[in-house]
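**Student:** with the input below, show me the fold.
(2 chains)
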Amino acid sequence: MVIKTNGKLGYEELVEIELSNGEKRLGRSLQVSEDIAVVEVFEGTQGLSPRDVKVRFLGRPLELPVSNELLGRIFDGLGRPIDNMPEPVGSEELDINGKILNPYKREYPDEFIQTGVSVIDGMLSMVRGQKLPIFSGSGLPHDMLAAQIARQATIAKGEEFAVVFAAIGVPADTAMFFRRELEESGALKRSVLFLNLAEDPAVERIVTPRVALTAAEYLAFEEGYHVLAILTDMTNYGEALREISMMREEVPSRRGYPGYLYTDLATIFERSGRITGRKGSLTQLPILSMPADDITHPIPDLTAYITEGQIVLGKELYHKGIYPPVNVLMSLSRLMKDGVGEGKTRADHKELSDQLYNSYSKAMDVRSLTEIVGEEGIPESSKKYLQFADAFEKKFMKQDPYENRDIDTTLNIAWDILSILPESEWTNISEKSKKVYINVVQKRNI
Amino acid sequence: MKIKGRITEVKGTVVKASDVSGIQMNEMVKVGEAGLIGEVVRVEGDSAYVQVYEFTTGLKPGEPVEGLGSPLSVTLAPGIVGNIYDGLQRPLSTIEGYTISRGYTAEAIDVNKSWHFVPVVKPGIKVQGGEKVGYVEETELIRHYIMIPPNVIGTLTYVAPEGDYKVTDQIAEVQESEKQSVSMLQRWSVRVPRPIKRRLVASEPLITGQRVIDAFFPLAKGGSAAVPGGFGTGKTVLLHQMASWANSRVVVYVGCGERGNEMVELLKTFPKLNDPISGKPIMQKSIMIANTSNMPVAAREASVYVGLTLAEYYRDMGYDSLMLADSTSRWAEALREISGRLEEIPAEEGYPSYLASRIASFYERAGYVETLSGDFGSVSIIGAVSPPGGDFTEPVTTHTLRYVKAFWLLDPNLAYSRHYPAVNWISSYSSYIESLSGWWSLNISDEFETLRRRALDILFKEESLRNIVRLLGPEVLPEDEKLLLEAANMLKEGFLKQSAYHEVDRYTPPLVQYYLLKLIISFYEKAKEKLTGGATVEEIKASPLYLEVIRARFNVKSKEDFEAIMKKVMEF
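**Tutor:** Reported below is the predicted structural model:
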């Protein structure tokens, strides 16, 4: 909506709109000039008429009161309490856009997080302070996986995470699922929930991740918690952004999304990491469903340019009964290299992971070939790759949603399946790592 | 007389100012009570549109706008090397707290530091812009020459004696019609290329120690290259490798619109990595500029030009500079956003119609030159390109490829199978190959060019066999073609693939690159002989020498290492 301001409203400042029936809505300016301003109304403009509204300038941008009291609370997508308890008393009111983190003051993330999920710990290792999303599709178990990670994630010293959960346009069932999971594992009292559900106004969606991350940053960098922020579903965020961009009559870019989508997503995902001299950390686990399973769609594509990797789930694997159905070849953890190895996980970890990738990739080629020429048409040496791929999927990747495997177990299973292939194929394995393998085998046989 | 007006409109990062008659295009301004820095991008009568380099939340119409009288400029003086700046050359290491506040101002260098100045000329001579009057040792790797500013000419009436001075102290005086004082500190407008005497043809390679680049798609000193690739294909790792190991004297790394943690990685590793030639930490020859993806968008363009100007400045001292921009696509997006807010008519995919000419004028500032003082220096530019969806037909990629002379196309299929660097050897290209082959013959081996061609030949033949193999499997091929596939495999596993994180593998000097190629090609030749003698490919693959040649990249560091394995190959 457009309102007369006489130049008194600042850019991105809040207004309170009161309807004739007493209902109050919150709006924010998108553009200001000397006489008017364009305002986005968070609760939507239904029922608004130019005559019957009163507008009050609040003189400040959207803020969230922050303090330790946030933990255990539930808020709506704008940060207003919906758990029938009063507004938390804040030690500070923080602009939800956050302040720019000085890159010089960042601490490089390199502390391994054991999620207890073999395919992640073994090949897509997560570290404290990383931003690592799950790229999924409809019908895939991304919520289950995220909940498993939230439940099982530990850092080596046995510390636990505080969880900040932001529901962005998801069905009420999804929000309830996460709430229940957190409750049952006892994590709810160390969590903060921000809920913008599918039935809630879309405009609010733009704000929700930022409100959640303001809480997360505060808990991490001011209160010293190790925070795990789960934002779901970022595709809904992207679509709300597109809707608003069209309303603002901005020139659309790829597939109708605004040209600033990359930067906008970056201002959300870069709110993570560790800071030199500060105890806490903020690890992000965003979830997004790829429209039509297309990873080149702007939302997953631009997200992957920003985040430190991606965990991609695939339908084919899921239909084979594999959970978690991770398409490892399309997945990546960019920060794995500094979080694993001697003193952190195990000396053979990296080489084992590289070898699994290499061999599984070759196995996929063999599988496509087999589809054409049949198993009889491929050489004996290639048949081993088929066995390897099966074992990889059924023994290494597949595990129960409530099964928690430590890193040693994960790596030992990896050696088991690797030994299906002859040693001449182990081009990534050094002599040093082979010795670790021999020790493992020997230990077992005793 | 500073021009003072007021804000009349705020639209995101673009602000309209009125009552600013006389303000110039590209003039720097201070916007609002908070004093945010901006640049004039359009003048209309007595109004101007300003792109603001900081977040504009809270700016109100009526707040002041003040012209600063000059365009975006950099500070050029001793003390730059080893620093990390934001896009406006504000040092990031000296800010209090862990966030960057708006309206933050700071000098680019420590103006209170004393430098030991040594003059190299005596008063009385005629001088002109670019000539060296003396030097200071900026770091153990950079002797920073103090030069007469480019637009100054006349007789040198004073040169300071050897001693300790601050950068703003006078160390020379030049007289033409008026007296002009010269200090160690200069300012230069970033959008203007620094002047040179003349351009020369590049003839020396920029050795990066990255085998697929140096051997197959080399970059010359003074050349320009682009690295287009989708996410996860390894652009940043490759750029970090170039910044770490390239044999330029100065490295300027611009993180333009990318991840904060990637800048941190550089900050963490550079002080510990030693330059292979001098043995000193490469932090002593590096300058970093960080305008990360969450920092103000408008400053991305500033970051790229600041980086370029700094590279030119050190070139003017007679050095080879390397400027890397990760990623140029983010700069293009910034152009698109500002253009949209200025309501300019968009061209392809919403980018402004002047995208191509901006990209061209950026890469054109690379070159091997004779400087104003008669030295030879160069600026090499490597730009990463992040095509949305990995689609190389998008505007930034297509325009960039028209203006660079080398490109290293990163292939997602190679990346998926963890073949890094994922440089596709069929689609990549370097137009410097001809002019640089002489260097390899003269300095490394006259056999090198032959080995190179043999290797590419094997790889191309493999490519044409791949379709058959994909459909019918390798078994249908005759033994000699199967062997060719294995040779291609050895080249991939033993030469093209390179680990950025392995102590030995991460940097390969040209001589060792020659050794590795020679080992693989010689093994292949010997294997061919054995085939005619009745051996099978499976048998050849089973020999331990096969694996040893593939893993040579992790083990060969010297001539002795090479000769040991070569002997085994000859006796195979």
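**Student:** low-confidence ranges in the chain?
**Tutor:** Chain wasn't specified; assuming chain A. Scanning chain A for pLDDT under 70 picks out A:155-160, A:441-442, A:444-446.
**Student:** now the helices for it?
**Tutor:** Taking DSSP state H, the helices of chain A run over residues A:118-123, A:142-152, A:172-184, A:202-205, A:208-217, A:234-247, A:261-269, A:298-306, A:315-319, A:336-339, A:349-373, A:380-391, A:407-418, A:431-445.
**Student:** what helices or strands is the last one leaning on?
**Tutor:** Okay, so that is helix A:431-445. Secondary-structure packing of helix A:431-445 (3 or more CB pairs under 8 Å, 6 or more residues apart in numbering or on different chains; DSSP states H and E): helix A:407-418. Any C-beta I mention is one placed from the backbone N, CA and C, and that applies to glycine too.
**Student:** between the helix it packs on and helix A:380-391, what angle do the directions make?
**Tutor:** Counting by axes from the mean of the first three to the mean of the last three CA atoms, to 10 degrees, helix A:407-418 lies at 150 degrees to helix A:380-391.
**Student:** A:Glu249 and A:Glu239: what is the separation?
**Tutor:** Distance of A:Glu249 to A:Glu239, computed by CB to CB, to the nearest Å: 18 Å.
**Student:** for B:Pro395, what are its contacts?
**Tutor:** Contacts of B:Pro395 were listed using CB atoms under 8 Å, 6 or more residues apart in numbering or on different chains, and they are B:Ala332, B:Ala347, B:Glu348, B:Glu349, B:Tyr351, B:Leu355, B:Ala356.
**Student:** A:Glu249 and A:Glu239: which is more packed in?
**Tutor:** A:Glu239 (18 against 8; other CB atoms under 10 Å in any protein chain shown).
**Student:** wait, what's in contact with the more buried one?
**Tutor:** For A:Glu239, the contact set (CB under 8 Å, 6+ apart) comprises A:Gly169, A:Ala202.
**Student:** need the winner for burial among the helices of chain A.
**Tutor:** Neighbour counts (mean count of other CB atoms under 10 Å in any protein chain shown) averaged over each of the helices of chain A peak at helix A:208-217, with a mean of 27.
**Student:** do it and chain B meet?
**Tutor:** No - contact of helix A:208-217 with chain B (CB under 8 Å from any CB of the partner chain) is absent, the minimum separation being 9.9 Å.
**Student:** from B:Val297, how far off is A:Ser33?
**Tutor:** Taken as CB to CB, the span from A:Ser33 to B:Val297 is 21 Å.
**Student:** okay, and for the stretch 201-350 of chain B, where does confidence drop off?
**Tutor:** For the stretch 201-350 of chain B, no range has pLDDT under 70.
**Student:** all strands of it, in order?
**Tutor:** Applying DSSP state E, counting those that start in this stretch to the stretch 201-350 of chain B gives strands spanning B:224-228, B:250-256, B:286-291, B:320-326.
**Student:** redo these as a markdown table? Include mean neighbour count and distance to chain A.
**Tutor:** Below are the strands of the stretch 201-350 of chain B laid out as a markdown table (neighbours: other CB atoms under 10 Å in any protein chain shown; distance: least, CB to the nearest CB, whole Å):
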| stretch | mean neighbour count | distance to chain A |
| --- | --- | --- |
| strand B:224-228 | 28 | 13 |
| strand B:250-256 | 29 | 8 |
| strand B:286-291 | 26 | 5 |
| strand B:320-326 | 28 | 11 |
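**Student:** could you find the closest non-adjacent residue to residue 329?
**Tutor:** Just so you know, I chose chain A. B:Tyr416 (4.6 Å; CB to CB, 6 or more residues apart in numbering or on different chains).
**Student:** I was after chain B.
**Tutor:** B:Ser386 (4.1 Å).
**Student:** quick one: the one you found and B:Val227 touch, right?
**Tutor:** No - contact criterion CB atoms under 8 Å: B:Ser386 and B:Val227 do not qualify, at 9.7 Å.
**Student:** residue of the stretch 451-572 of chain B with the smallest distance to chain A?
**Tutor:** At 5.1 Å from chain A, B:Gly473 is the closest residue in the stretch 451-572 of chain B, using CB to the nearest CB.
**Student:** quick one: pLDDT of that residue?
**Tutor:** Looking at B:Gly473, its pLDDT is 76.
**Student:** quick one, phi/psi of it?
**Tutor:** Main-chain torsions, B:Gly473, degrees, to the nearest 10: phi 90, psi 160.
**Student:** so how far is A:Pro379 from it?
**Tutor:** B:Gly473 is 7 Å from A:Pro379, where distance means CB to CB.
**Student:** OK, contacts around the residue in the stretch 401-550 of chain B that chain A sits nearest to?
**Tutor:** At 3.9 Å from chain A, B:Ser417 is the closest residue in the stretch 401-550 of chain B, using CB to the nearest CB. B:Ser417 makes contact with A:Leu329, A:Tyr357, A:Asn358, A:Ser361, A:Lys362, according to CB under 8 Å, 6+ apart.
**Student:** can you show me the helices along the stretch 401-550 of chain B?
**Tutor:** Applying DSSP state H, counting those that start in this stretch to the stretch 401-550 of chain B gives helices spanning B:412-416, B:433-443, B:448-472, B:479-491, B:510-532, B:537-542, B:544-550.
**Student:** what is the longest one packed up against?
**Tutor:** When contacts are defined as 3+ CB pairs under 8 Å, 6+ apart, helix B:448-472 sits against helix A:349-373, helix B:433-443, helix B:479-491, helix B:510-532.
**Student:** how far does the first one sit from the chain's center?
**Tutor:** On the basis of CA atoms, centre = their mean, to the nearest Å, helix A:349-373 is displaced by 27 Å from the centre of the chain it belongs to.
**Student:** what pLDDT does the closest residue to B:Val15 other than its chain neighbours get?
**Tutor:** Among residues not flanking B:Val15 along the chain, B:Val50 sits closest, at 4.8 Å (CB to CB, 6+ apart). B:Val50 is assigned 96 on the pLDDT scale.
**Student:** can I assume B:Val50 is in contact with B:Glu39?
**Tutor:** Yes - taking contacts as CB under 8 Å, B:Val50 lies within contact range of B:Glu39: 6.6 Å.
**Student:** any stretches of the stretch 401-550 of chain B with poor pLDDT?
**Tutor:** For the stretch 401-550 of chain B, counting by pLDDT under 70, not a single residue falls below.
**Student:** B:Val50 and B:Glu39: who's more crowded?
**Tutor:** Legend: neighbour count by other CB under 10 Å for B:Val50 and B:Glu39, higher for B:Val50 (28 against 24).
**Student:** what's the more buried one sitting at in phi/psi?
**Tutor:** Backbone geometry at B:Val50, expressed as degrees, to the nearest 10, gives phi -120, psi 130.
**Student:** which residues does it bridge with?
**Tutor:** Beta-bridge partners recorded for B:Val50 (DSSP bridges): B:Val15, B:Val40.
**Student:** please report the distance of the residue nearest to B:Arg341 when sequence neighbours are not counted from chain A.
**Tutor:** Spatially, and ignoring its direct neighbours in sequence, B:Arg341 is nearest to B:Val14 (3.9 Å; CB to CB, 6+ apart). Here the criterion is CB to the nearest CB, to the nearest Å. By it, B:Val14 lies 10 Å from chain A.
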